[in-house]
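Q: Show me the folded form of this:
(2 chains)
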Amino acid sequence: MSERRPQRPIRAHCIAFLAVALILVLLPARFTSSIQTTFLSLVWPAQAVTTKAARGASLLLSGFFGSFRAAGQLDALRRQVQQQQAIIAKQENDIRRLTDQLEQIRSVSPFVAEREIESIIPAQIVSFEISAGTAAVIINAGSRAGVRPDSALLCGKIAIGRITHVGPWASRAKLLTEIGHSSQVKIARTGNEGMLEGAGAGRFVLRFVSREADVQEGDMLVAPASSKYFPPGIALATITQVRLDPSDPAYRIAAAPLLDYSSLEDVIVVRRRIGPVSPTGTSEPADEL
Amino acid sequence: MRPLRLAGMILVVGCFQGAVAHWLAIGDAVPDFFVIAAVSVSLSLRWEQAGLAAGFIGLGRDLFLDHRLGTGAILFFLLGSFLGRLRTEIFVEHPITQMIVTLLAALILAAAQLVGILLARRPALQLLAVEAAVLSALYVAAIAPLLFRLLRRLAPLEAADDRLG
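A: Below is the predicted model:
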């Protein structure tokens, strides 16, 4: 005759779980940061595999539906030719506009920063951590590759985020568009400074630009020399909308990223020679970086 | 649900969130698979187990999405316990019920997690954060019934009653 096993003290487990969760909430940031970093080191290979698989599936699906559609009628192709011609005309305009933007970036961002940059570390995005109010990415470069907290995450010469957690083989970076994430910027054309704040879904709000400043739609926003994380002259965003009501003491400015972050794969991590501040609040001497 | 199966589910949901959520995003509306998993788990277990399982999913969400560690765990635990009690009162198999419950859960969680931004007194961001949260909650609720079926087929949780209870 088998004896009935006593029920597990599930309520005791609940209380223990809540106690641990409460302790985690109350722990200082440096401890929770270590836990996050350890977790990141453990799971990033799984995240990388899942993301690769998802990208592969997406390519397969788009290929399948593409060929399915291509097997359609000639009329559709003719319409496509007409559409393509219209697109080419539009793209020519875009190329002209982007060339102007590129020239603007080059003029303000000749990587003067070179003398302030300790190292440039290439990396790939392995996972996007996007939810309402959160926008971050995991990259496949960590402390072993030389990544440090508060390094800048760039795509070419355009800033896209800042490293927050560093594991041995992977790091987490907050994207500039995360709601509430703020970066000091200046308008490349005029030099007026302001605070660029992430507003989610590929939008920014530029604050603290006085009404005396000269601001126009299309102006490029770049990192100023006093930027804590980004090399000076690096482009961050472009102004898309400018509003000035008579009662407002400052402009209401909307901006947009220069890139679609969700399509990024290859990025670089840039470490500044002049010491950024680590998450623990300790400033690292420049000669150690 | 065995503990290992729960851990596996959290890992899969976390990886899935990282791999496809940004592709499925429609403007500000971003799907949150952790919320769907937590609600799905909670509606199929007794309240103590539901709270515990949802709490672990919340902890996983904190770790995967870089939120303040422990906050999601506590919020999800409370939500899971509540839904675990509620499941006997409502017909949880109906898609409309699932959508409504998920919508309420997502709104409650979003409201709790947006407190930080709201307290920062940034009028422009308050509105954007609330707008993003509401749109995301609606999106999550809309896809919830489909994912409920998928989750229950892949990882049937009712077995946990035997193991944990």
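
Q: Show me which residues of the stretch 1-150 of chain A are close to chain B?
A: Counting by CB under 8 Å from any CB of the partner chain, the positions of the stretch 1-150 of chain A adjacent to chain B are A:7-8, A:10-11, A:13-14, A:17-18, A:20-27, A:32, A:35-36, A:39, A:43, A:46-47, A:49-51, A:53-54, A:58, A:126-134, A:136, A:138. C-beta coordinates here come from the backbone N, C-alpha and C atoms, glycine included.

Q: give me that answer again for 6 Å
A: A:10-11, A:13-14, A:17, A:21, A:24-25, A:32, A:39, A:46-47, A:50-51, A:54, A:127-134, A:136 (CB under 6 Å from any CB of the partner chain).

Q: for whatever helix or strand B:Gly60 lives in, packing partners?
A: Here B:Gly60 sits within helix B:47-65, counting by DSSP states H and E. If you count contacts as 3 or more CB pairs under 6 Å, 6 or more residues apart in numbering or on different chains; DSSP states H and E, helix B:47-65 packs onto helix A:10-26, helix B:3-24, helix B:33-42, helix B:71-86.

Q: which residues does the residue most central in space within chain B contact?
A: The structure's chain B has its C-alpha centroid closest to B:Val35; by CA atoms, centre = their mean the separation is 1.3 Å. Contacts here follow CB atoms under 6 Å, 6 or more residues apart in numbering or on different chains; on that basis B:Val35 touches B:Ala106, B:Val140.

Q: before we move on, back to that, any idea which of the helices and strands packed on helix B:47-65 is most buried?
A: Each of the helices and strands packed on helix B:47-65 was assessed for mean neighbour count using mean count of other CB atoms under 10 Å in any protein chain shown. The highest is helix B:33-42, with a mean of 29.

Q: show me where pLDDT drops low in the chain?
A: You didn't pick a chain, so chain A it is. A:1-8, A:66-73, A:104-116, A:132-133, A:273-289 (pLDDT under 70).

Q: hmm, I had chain B in mind actually
A: For chain B (pLDDT under 70), the answer is B:1, B:113, B:116-127, B:155-165.

Q: Show me what from it comes close to chain A.
A: Counting by CB under 6 Å from any CB, chain B sits next to chain A at B:15, B:18-22, B:27-28, B:30, B:32, B:48, B:51-52, B:55, B:63, B:65-66, B:69-71, B:73-74, B:110, B:117, B:124-125, B:128-129, B:132-133, B:136, B:164.

Q: List buried residues within these.
A: Buried members of the residues of chain B next to chain A, counted by 16 or more other CB atoms under 10 Å in any protein chain shown: B:15, B:18-22, B:28, B:30, B:32, B:48, B:51-52, B:55, B:63, B:65-66, B:69-71, B:73-74, B:110, B:117, B:125, B:128-129, B:132-133, B:136, B:164.

Q: backbone phi and psi for the spatially most central residue of chain A, please?
A: Geometric centre of chain A, nearest residue: A:Leu175, 2.6 Å, by CA atoms, centre = their mean. According to degrees, to the nearest 10, the main-chain angles of A:Leu175 amount to phi -80, psi 150.

Q: can you pull up the bridge partners for it?
A: Listed beta-bridge partners, A:Leu175: A:Gly161 (assigned using DSSP bridges).

Q: surely it meets A:Ala135?
A: Yes - at 4.2 Å, A:Leu175 and A:Ala135 qualify as touching, with contact defined as CB atoms under 6 Å.

Q: Closest residue of the stretch 51-200 of chain A to chain B?
A: Closest residue of the stretch 51-200 of chain A to chain B, CB to the nearest CB: A:Ser127 (3.3 Å).

Q: ok, and the closest non-adjacent residue to that residue?
A: B:Gly18 (3.3 Å; CB to CB, 6 or more residues apart in numbering or on different chains).

Q: Run through the residues that contact that neighbour.
A: A:Gln47, A:Ser127, A:Phe128, A:Glu129.

Q: who wins for neighbours among these?
A: Tallying neighbours with other CB atoms under 10 Å in any protein chain shown puts A:Ser127 at the head of these, with 29 neighbours.

Q: Assign it to one of the three secondary structure states.
A: When classified by DSSP: H, G, I helix; E, B strand; the rest coil, A:Ser127 comes out as strand.

Q: Just confirm it contacts A:Thr51, I think it does.
A: Yes - applying CB under 6 Å, one finds A:Ser127 in contact with A:Thr51, separated by 5.3 Å.

Q: In terms of secondary structure, what does the helix ranked longest in chain A contact?
A: Looking across chain A with DSSP state H, the single longest helix is helix A:29-70. Here helix A:29-70 touches strand A:117-131, strand A:158-166, helix B:3-24, going by 3+ CB pairs under 6 Å, 6+ apart.

Q: outside of the first one, which residues touch it?
A: The reference is to strand A:117-131. A:47-48, A:51, A:136-141, A:145-147, A:231, A:264-271, A:273, A:289, B:18, B:21-22, B:30, B:32, B:65.

Q: Which strands border that strand, and is each parallel or antiparallel?
A: Here, using DSSP bridges, strand A:117-131 pairs with strand A:134-139 (antiparallel), strand A:266-272 (antiparallel).

Q: For that strand, what is the distance to the chain centroid?
A: 9 Å (CA atoms, centre = their mean, to the nearest Å).

Q: Can you give me the buried ones in it?
A: So, applying 16+ other CB under 10 Å, buried residues of strand A:117-131: A:Glu118, A:Ser119, A:Ile121, A:Ala123, A:Ile125, A:Val126, A:Ser127, A:Phe128, A:Glu129, A:Ile130, A:Ser131.

Q: bridging residues for the last one?
A: Taking DSSP bridges as the rule, A:Ser131 bridges to A:Thr134.

Q: and if you look at the fourth one?
A: When assigned by DSSP bridges, A:Ala123 has beta-bridge partners A:Val267.

Q: From B:Arg87, how far off is it?
A: 45 Å (CB to CB, to the nearest Å).

Q: Name the single longest helix found in chain B.
A: helix B:123-154.

Q: in stretch A:45-56, what counts as buried?
A: For stretch A:45-56, by 16+ other CB under 10 Å, it's A:Ala46, A:Gln47, A:Ala48, A:Thr50, A:Thr51, A:Ala54.

Q: Fine by me, thanks again.
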